[in-house]
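K.L.:
Return a 3D structure for these sequence lines:
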Amino acid sequence: MNQTHQEAMADVRDMYMVHIMFRRELGLLPQLVRDVRPDDAKRAEVVGAHAALLCQQLHLHHEGEDLFLWPLLAERGGAEAATVVPAMQAQHHAIEQAYEAVVALLPAWRRTGHDGAAVADAVEQLRTVAAEHMALEEAEILPMAQRYVTAAEWAKLGEHGLNDTPKKDLPLIFGMAMYEGDAAVIKAVLAHAPLPARLLMPIVGPRLYRTYAKRVHGTATPPRIGANAS
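P.N.:
Just a heads-up that it's a prediction; the model follows:
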């Protein structure tokens, strides 16, 4: 890879923050589904909408990697990338299959509350394959990205998710990620945002997530999993 010594390389700390969010929310989701009483369509809609939002964000997150990260690492990582990048792609295929199973079941369950066990099992499978993928990604891919991917190239992953997420959902998504986020990482993520977002997001995002978590999880402070959970 040709680069000047001054060119900034990827700061991958934001990926750890996003992974913690997915581990926490996907880890809690199967039991949330199981706790919905049969025929309680009102509660099924609340939990189902949350599941749909998580599925959307997980799909966009991995789509960005497919588009922007794997080609760069395959081109620049040599033998180091030759095994792990195909493994990542295979895991993405498994995650996509699990994702499709969940999103196929959600609409009927959200309307009726029926067959929640099937939804819970599908969500559990999605959680399992996503957790396996995130662990390998943190062990193998993120250290490579720090060496082979520039900061500008890395930013395209986040921009992909932002561009394809409804604008009304962005403050909540940020708040969900900030819940266990390190203050320095949050500041770095927001550094290139417009000034109003830099000023307001650290206040508005967490506030929105507290209200949202109380509705979804029954508490404004759902269990934290921390950086070492898998």
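K.L.:
what about the longest helix in the protein?
P.N.:
Under DSSP state H, the helix in the chain containing the largest number of residues is helix 78-112.
K.L.:
How about it, which residues are buried there?
P.N.:
Going by neighbour count (16 or more other C-beta atoms under 10 Å), the buried part of helix 78-112 is 81, 84-85, 88, 91-92, 94-96, 98-99, 101-103, 105-106, 109-110. Any C-beta I mention is one placed from the backbone N, CA and C, and that applies to glycine too.
K.L.:
give the contact list for the nearest residue to residue 81 once chain neighbours are set aside.
P.N.:
Among residues not flanking residue 81 along the chain, residue 73 sits closest, at 4.6 Å (C-beta to C-beta, 6 or more residues apart in numbering). Counting by C-beta atoms under 8 Å, 6 or more residues apart in numbering, residue 73 makes contact with 81, 85, 141, 144, 145, 148, 149.
K.L.:
that older thread, elements contacting the longest helix of the chain?
P.N.:
In this structure, helix 78-112 makes packing contacts with helix 41-64, helix 70-76, helix 116-136, helix 142-148, judged by 3 or more C-beta pairs under 8 Å, 6 or more residues apart in numbering; DSSP states H and E.
K.L.:
Any idea which of those gets closest to residue 222?
P.N.:
Among the helices and strands packed on helix 78-112, the nearest to residue 222 by C-beta to C-beta is helix 41-64 (11.3 Å).
K.L.:
what sits up against the host helix or strand of residue 154?
P.N.:
Element membership for residue 154 (DSSP states H and E) is helix 151-164. For helix 151-164, the external contacting residues (C-beta under 8 Å, 6+ apart) are 7-12, 14, 57, 60-61, 63-65, 67-69, 72, 145, 170, 189, 192.
K.L.:
I'd like the next helix or strand past it.
P.N.:
Next element after helix 151-164 (DSSP H and E): helix 170-178.
K.L.:
same for that next one, what does it pack against?
P.N.:
Judged by 3+ C-beta pairs under 8 Å, 6+ apart, helix 170-178 is in contact with helix 13-34, helix 195-217.
K.L.:
so how far is residue 191 from residue 26?
P.N.:
Per C-beta to C-beta, to the nearest Å, residue 26 is found 28 Å from residue 191.
K.L.:
Repeat that for residue 108.
P.N.:
On the measure of C-beta to C-beta, residue 108 and residue 191 end up 43 Å apart.
K.L.:
buried residues in stretch 22-41?
P.N.:
22-30, 32-33, 36, 41.
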